[in-house]
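Chemist: Below are the sequence and a predicted model for it; my questions follow.
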Amino acid sequence: MTPEKRFKFENLYRRIGFFTYSSVFLLFFLGSLVRATGSGMGCPDWPRCFGMLAPPLSEEALPENYQEVFLEKRIKKLERFVGALEKIGLEQKAAKIRQDRSLLLPEEFDATKAWIEYINRLFGVLSGLFALLFFWLGFRLKLARGWLILGMIFLLLNGWLGSYVVATNLLPGLVSLHFMLSFICLFAFMKASDVSKSLLPPHSQNNQIQWIFLTGLLFVIVILGTWSREQVELLKATGNIAETGGTMLNIQSMDILFVIHRYSPVMVGLFGFYMFRQTQLKRIESHAFILFTLSVAQILLGVIHIVFLVPIWTQILHVVLGSGLLTYIFAVSLSYRHPQTG
């Protein structure tokens, strides 16, 4: 490959890399929209929607027995999934799924929910196409092959897992795992792109260990938030979402993981403020200032969650800001350069 041709390929590699990890991040927004609107079962089958390439606009376009047909398909998929869980030693989880009678209820057609879930899937396919092209370019240029392989593995794994998230009607724990694997996929593609050119302008603020630590801490907080959201869904399903005789979220019925998630942003915000005061770049553009500001925003959204019983708009904004902050801090950690080496 001539230097000129390689230069063009590397420019294309960086552009496709940007589209790849951006499309994966967009799925966090679409996923939160699906979750907040209760559209996860808008399409009862996977990868199609009601057996079609695109969902219909009305129930009249479906056969009269469509609920029984798709319920039977879901039950068969559940049996395969439960069998796999038993083989790897997760008998209790398998038994819990078998005993969940709600999984045997047919799903009614809702055009709005079907299209929300369908659009989410379309962008999932789009991110896969970008990832394939990114993967090919990386191997052609001999760049970041290990990171590209890791990203593709988790992208495919998450696509497969998504079908069982649907089949199990958003099984608690499985949704959190789905979310966690999405971040690993995103980080792998970001790292693969960073190998060619830094995602953010290089900096020497604080030290890289602090940024890596923050990335890990925020990752744990975000995953705990997903788990806390699943607890809210369970409270809603049992009619115990509000405090007895009150109108606020019934936080007394939630476990210690929610407590950790609830107060962790305060610690992150204080740490961001400390880092901001320590850095010589005391500007609003400071990474530490952004960390502090978004942490305060997340705390305020958490308060709204509790007081107003988790409104839809705050659910979406909370997920997007949390995911955005984690992604941003990871990019900051990648762009760190030691002052002596530039």
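Modeler: Nice, thanks for sending it over.

Chemist: so the closest residue to A237 other than its chain neighbours, which of the three states?
Modeler: Nearest residue to A237, sequence neighbours excluded (CB to CB, 6 or more residues apart in numbering): S102, at 8.0 Å. Just so you know, the C-beta spots here come from the backbone N, C-alpha and C atoms, and that holds for glycine as well. When classified by DSSP: H, G, I helix; E, B strand; the rest coil, S102 comes out as helix.

Chemist: After the helix-or-strand element of the chain with minimal mean pLDDT, which helix or strand is next?
Modeler: When each helix and strand of the chain is scored by mean pLDDT, DSSP states H and E, helix 91-99 comes last, with a mean of 82. Proceeding C-terminally, helix 91-99 gives way to helix 111-141 as the next helix or strand, assigned by DSSP states H and E.

Chemist: Could you pull out the buried residues of that next one?
Modeler: Residues of helix 111-141 classed as buried by neighbour count (16 or more other CB atoms under 10 Å): 113-121, 123-124, 126-128, 130-131, 133-135, 137-138, 141.

Chemist: where along the stretch 151-300 of the chain do the helices fall?
Modeler: 174-194, 208-237, 256-278, 287-307 (DSSP state H, counting those that start in this stretch).

Chemist: Can you tell me which helices and strands the longest one packs against?
Modeler: Taking 3 or more CB pairs under 8 Å, 6 or more residues apart in numbering; DSSP states H and E as contact, the helices and strands that helix 208-237 lies on are helix 174-194, helix 256-278, helix 312-334.

Chemist: would you list those helices in TSV and tack on distance to L217?
Modeler: Shown next, in TSV, are these (distance: least, CB to CB, whole Å):
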stretch	distance to L217
helix 174-194	13
helix 256-278	7
helix 312-334	9
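
Chemist: Buried deepest among these, which one?
Modeler: Sort the helices and strands packed on helix 208-237 by mean neighbour count, taking mean count of other CB atoms under 10 Å, and helix 174-194 sits at the top with a mean of 22.

Chemist: What angle do helix 208-237 and that one make with each other?
Modeler: 150 degrees (axes from the mean of the first three to the mean of the last three CA atoms, to 10 degrees).

Chemist: Unless I'm misreading it, S127 sits right up against T20, doesn't it?
Modeler: Yes: counting by CB atoms under 8 Å, T20 is a contact partner of S127 at 6.7 Å.

Chemist: worst average pLDDT in the helices and strands packed on helix 208-237?
Modeler: Mean pLDDT values for these show the minimum at helix 256-278, a mean of 88.

Chemist: okay, it in PDB with CA atoms only?
Modeler: This file holds the C-alpha atoms of helix 256-278, laid out as PDB (Å, rounded to 0.1, in the frame of the first residue of the first chain):
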ATOM      1  CA  ILE A 256     -28.300  -1.700  49.400                       C
ATOM      2  CA  LEU A 257     -27.200  -1.500  45.800                       C
ATOM      3  CA  PHE A 258     -29.700   1.300  45.200                       C
ATOM      4  CA  VAL A 259     -28.300   3.100  48.300                       C
ATOM      5  CA  ILE A 260     -24.800   2.900  46.900                       C
ATOM      6  CA  HIS A 261     -26.000   4.100  43.500                       C
ATOM      7  CA  ARG A 262     -27.900   6.900  45.200                       C
ATOM      8  CA  TYR A 263     -25.000   8.500  47.100                       C
ATOM      9  CA  SER A 264     -22.100   7.600  44.700                       C
ATOM     10  CA  PRO A 265     -22.700  10.700  42.400                       C
ATOM     11  CA  VAL A 266     -22.100  12.900  45.500                       C
ATOM     12  CA  MET A 267     -18.700  11.400  45.900                       C
ATOM     13  CA  VAL A 268     -17.900  11.700  42.200                       C
ATOM     14  CA  GLY A 269     -19.100  15.300  42.200                       C
ATOM     15  CA  LEU A 270     -16.900  16.200  45.200                       C
ATOM     16  CA  PHE A 271     -13.900  14.400  43.600                       C
ATOM     17  CA  GLY A 272     -14.500  16.300  40.400                       C
ATOM     18  CA  PHE A 273     -14.600  19.600  42.300                       C
ATOM     19  CA  TYR A 274     -11.400  18.700  44.100                       C
ATOM     20  CA  MET A 275      -9.700  17.900  40.800                       C
ATOM     21  CA  PHE A 276     -10.900  21.100  39.300                       C
ATOM     22  CA  ARG A 277      -9.400  23.100  42.200                       C
ATOM     23  CA  GLN A 278      -6.100  21.300  41.800                       C
END
